[in-house]
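*Asks:* predicted coordinates and the sequence they were generated for:
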Amino acid sequence: MNLTLYTSLGSGNAYKVELFLRLLRLPYETRAVNLRSNENLSTAFLARNRFGQIPVLVDGDLVLTDSHAILLYLAGRYAEYTPHAWAPLDPLCLARVVRWLSVSANEIQNGLAMPRAIKLLGWPLSYDQAVRTGYRILKIMDEHLADREWLALQHATIADLACYPYVARAAEGGVDTSSFSHVCRWVESVEAIPGFWPMPLIPNLPTVPLVPVPVT
Ligand SMILES: N[C@@H](CCC(=O)N[C@@H](CS)C(=O)NCC(=O)O)C(=O)O
């Protein structure tokens, strides 16, 4: 096994893969990609990922892209190292897990990662629209988590790892999770998984004012 993760400080998508590598106790190396200087658009990087995005995981001769695809790969490939199935192969269980990988890639990316990118990186997108999407998915997640501990199954899965980073760091983009009590409890559950490793903080982050939760 020879694992190398292409990552960047502050990326929740890269962090979720690194968190999983650590939870699985897999040895790996990291290579930092400088997104601010567009290193992700260099010929060398595009040869690894035509989408010009981190994370990329290299496993020997294999090059894997997309955080959710990588989580699925690691869960299947290195399952023998895990105390329970992080992505069970039973069709119904897997469907429930993938359902939340989709939420992570869509609503959480657009509603919680995006406000953060707009505020911290100056991405030229509609902040108000992104925050509305963020509060909508937080409300749905809160209702969903009212009577269950984990998002997809009765134990932690890659669905929880996938959704965790941008929910936990929503405030960095001005989205306030504090009134979503079930979401807050779930964040604590993820952080209590044995071997949990917190997402490294970006130094000298500006404080973004929290947007009030919409009344409707
Ligand atoms: N669907 C991809 C999204 C990855 C992604 O958006 N990565 C960001 C960093 S968090 C990136 O590399 N952005 C650079 C760009 O898109 O130019 C995944 O889950 O891996």
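*Replies:* Arrived safely. Keep in mind the model is a prediction, meaning the values are calculated, not measured.

*Asks:* how's the chain carved up into domains?
*Replies:* Following the assignment in automatic domain parsing, the chain carries domains at 3-81, 91-191.

*Asks:* among those domains, which is the most enclosed?
*Replies:* domain 91-191 (a mean of 19; mean count of other C-beta atoms under 10 Å). Bear in mind the C-beta positions are built from the backbone N, C-alpha and C, glycine included.

*Asks:* span of that one from start to end?
*Replies:* Chord length of domain 91-191, first to last residue, is 28 Å (C-alpha to C-alpha, to the nearest Å).

*Asks:* how far does it sit from the chain's center?
*Replies:* 9 Å (C-alpha atoms, centre = their mean, to the nearest Å).

*Asks:* go ahead and name everything in contact with stretch 22-36.
*Replies:* 1, 3-9, 11, 18, 21, 39-40, 45, 54, 74, 78, 81-82, 161, 193, 195-197 (C-beta atoms under 8 Å, 6 or more residues apart in numbering).

*Asks:* distance of Thr207 from the ligand?
*Replies:* As judged by C-beta to the nearest ligand atom, to the nearest Å, Thr207 and the ligand stand 21 Å apart.

*Asks:* what packs against the longest helix belonging to the chain?
*Replies:* In the chain, assigned by DSSP state H, the helix with the most residues is helix 127-144. On a contact count with 3 or more C-beta pairs under 8 Å, 6 or more residues apart in numbering; DSSP states H and E, helix 127-144 meets helix 114-121, helix 158-168, helix 181-191.

*Asks:* and those: which comes nearest Ile137?
*Replies:* helix 158-168 (8.7 Å; C-beta to C-beta).

*Asks:* what does the protein have sitting close to the ligand?
*Replies:* 11, 13, 35, 40, 52-55, 66-68, 105 (C-beta under 6 Å from any ligand atom).

*Asks:* does Leu57 count as helix, strand or coil?
*Replies:* strand (DSSP: H, G, I helix; E, B strand; the rest coil).

*Asks:* residue contacts, it?
*Replies:* 3-6, 17, 63-65, 70, 73-74.

*Asks:* would you list the residues you listed in CSV and tack on pLDDT, secondary structure and distance to Ala130?
*Replies:* Shown next, in CSV, are these (pLDDT from 0 to 100; DSSP: H, G, I helix; E, B strand; the rest coil; distance: C-beta to C-beta, whole Å):
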residue, pLDDT, secondary structure, distance to Ala130
Leu3, 98, strand, 33
Thr4, 98, strand, 32
Leu5, 98, strand, 27
Tyr6, 98, strand, 26
Val17, 98, helix, 23
Val63, 98, strand, 31
Leu64, 98, strand, 28
Thr65, 98, strand, 24
Ile70, 98, helix, 25
Tyr73, 96, helix, 29
Leu74, 96, helix, 29
